[in-house]
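Trainee: Structural data only, the sequence is not supplied:
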């Protein structure tokens with residue numbers, strides 16, 4: 001799909017993306033690159049990194065990959081420093097690295113819970129902390145007039161509750177709290193904007209294929225408000241918007257991009273059956289003897 005933004009809307013910026021070599025993260029890398037950003041990707045799997053960098057460079061996008069684990073402070077520091085050394089500065093940090101799997105709460109080990117918390121929430125904080133000196137106004141390669149931008153990829157799981165996702169729900173709730181608190185502190189002190197995106201069901205991603213059986217996955221669109229799953233492009237466009245000057249006064253917000261799913265529940269009855277059902281209930285109610293509950297009829 002063609003972007004609604006001008007190609008130069010992010011021209012000259014440098015972005016570091018964790019988890020930027022696959023899925024939603026790679027689509028953000030691609031769209032950032034198409035809008036003028038030089039891309040650095042951090043990930044644990046070298047083949048994935050190499051393939052992503054090759055694909056970006058084939059599109060004429062300056063790109064580099066660095067192996068690293070967001071759970072390790074020394075890796076975070078090394079990759080941030082390597083990005084700045086390679087491109088001369090850092091303008092945008094995207095925290096898209098995440099861990100997920102389905103498991104009932106009673107079957108989830110403390111170590112499994114901790115692993116997801118470490119990747120999603122602790123890893124996000126660690127990357128933000130290591131990038132701070134380069135993102136703040138007046139930092140290396142930056143002017144005294146403006147700071148950089150941080151984007152945290154979250155989820156909507158914790159807005160209510162989700163089956164077999166207690167670990168991810170807790171981790172993403174922490175990510176949202178990080179987004180708000182860093183936006184308050186670093187927005188005030190360093191002119192760094194910090195925002196998030198909470199994707200809904202996105203087609204052709206591990207989040208959809210790994211977490212839903214195929215027979216359910218095929219029917220996902222049946223209960224979505226817009227009758228379709230989202231695309232990685234939808235998330236990437238939201239990221240471009242938030243990172244651009246169009247979003248320059250947005251800070252501390254997690255933008256929900258899920259077609260309205262989090263507001264809804266699956267339909268119990270098809271719409272055309274609702275009126276018939278209601279009329280039947282009313283008819284029974286009018287026909288009921290005085291003082292006899294319709295539930296007893």
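Mentor: Ah, there it is. Everything quoted here is computed from the prediction, not taken from an experiment.

Trainee: longest single helix anywhere in the chain?
Mentor: helix 166-190 (DSSP state H).

Trainee: Could you tell me which other helices and strands that helix packs against?
Mentor: helix 110-117, helix 123-135, strand 149-153, strand 193-199 (3 or more Cβ pairs under 8 Å, 6 or more residues apart in numbering; DSSP states H and E). Just so you know, the C-beta spots here come from the backbone N, C-alpha and C atoms, and that holds for glycine as well.

Trainee: Turn those into CSV, columns for mean pLDDT and mean neighbour count.
Mentor: As requested, the helices and strands packed on helix 166-190 are exported to CSV (pLDDT from 0 to 100; neighbours: other Cβ atoms under 10 Å):
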stretch, mean pLDDT, mean neighbour count
helix 110-117, 96, 14
helix 123-135, 98, 22
strand 149-153, 98, 26
strand 193-199, 97, 25
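
Trainee: Among these, which comes closest to residue 81?
Mentor: Ranking those by proximity to residue 81 (Cβ to Cβ) places helix 123-135 first, at 8.2 Å.

Trainee: Any regions of the protein where pLDDT drops low?
Mentor: Counting by pLDDT under 70, the chain shows low-confidence ranges at 205-228, 265-275, 277-282, 284-297.

Trainee: Helices of that one, start to end?
Mentor: Using DSSP H, helices in the chain cover 23-34, 46-58, 73-87, 110-117, 123-135, 166-190, 206-209, 214-217, 232-243, 271-287.

Trainee: Pick the most deeply packed of the ones you listed.
Mentor: helix 23-34 (a mean of 24; mean count of other Cβ atoms under 10 Å).

Trainee: So which residues make contact with that one?
Mentor: 3, 7, 10, 13, 15, 17-21, 39, 41, 52, 55-56, 59, 61-63, 92, 94, 96-97, 153, 199, 202, 205-207, 232-233, 235-237, 239-240, 243 (Cβ atoms under 8 Å, 6 or more residues apart in numbering).

Trainee: and it, how far out from the chain's middle?
Mentor: Its chain's C-alpha centre and that of helix 23-34 lie 12 Å apart, by Cα atoms, centre = their mean, to the nearest Å.

Trainee: just stretch 14-31 next, same as before
Mentor: 11 Å.

Trainee: before we move on, what about stretch 101-112?
Mentor: Distance, centroid of stretch 101-112 to centroid of chain: 22 Å (Cα atoms, centre = their mean).

Trainee: same thing with stretch 70-77?
Mentor: Centroid displacement of stretch 70-77 relative to its chain, using Cα atoms, centre = their mean, is 21 Å.

Trainee: now what about it, what contacts it?
Mentor: Residues contacting stretch 70-77 (Cβ under 8 Å, 6+ apart): 18, 42, 68-69, 95, 97, 118-119, 122-124, 126-127, 129-130.

Trainee: Now with 7 Å, please.
Mentor: Stretch 70-77 is contacted by residues 18, 68, 69, 97, 118, 119, 122, 123, 126, 127, 130 when judged by Cβ atoms under 7 Å, 6 or more residues apart in numbering.

Trainee: Dump the residues you listed into JSON lines; add distance to residue 158 as well.
Mentor: What follows is these, written out as JSON lines (distance: Cβ to Cβ, whole Å):
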{"residue": "18", "distance to residue 158": "20"}
{"residue": "68", "distance to residue 158": "27"}
{"residue": "69", "distance to residue 158": "24"}
{"residue": "97", "distance to residue 158": "18"}
{"residue": "118", "distance to residue 158": "17"}
{"residue": "119", "distance to residue 158": "16"}
{"residue": "122", "distance to residue 158": "17"}
{"residue": "123", "distance to residue 158": "17"}
{"residue": "126", "distance to residue 158": "21"}
{"residue": "127", "distance to residue 158": "21"}
{"residue": "130", "distance to residue 158": "26"}
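
Trainee: so which of the helices of the chain gets nearest residue 252?
Mentor: Per Cβ to Cβ, nearest to residue 252 of those: helix 166-190, 3.2 Å.

Trainee: Residue 172 against residue 158, yeah?
Mentor: Yes - with contact defined as Cβ atoms under 7 Å, residue 172 counts as touching residue 158 (5.4 Å).

Trainee: bridging residues for the closest residue to residue 86 other than its chain neighbours?
Mentor: Ranked by Cβ to Cβ, 6 or more residues apart in numbering and with sequence neighbours excluded, the top spatial neighbour of residue 86 is residue 64, at 5.4 Å. Note on residue 64: beta-bridge partners by DSSP bridges are residue 40.
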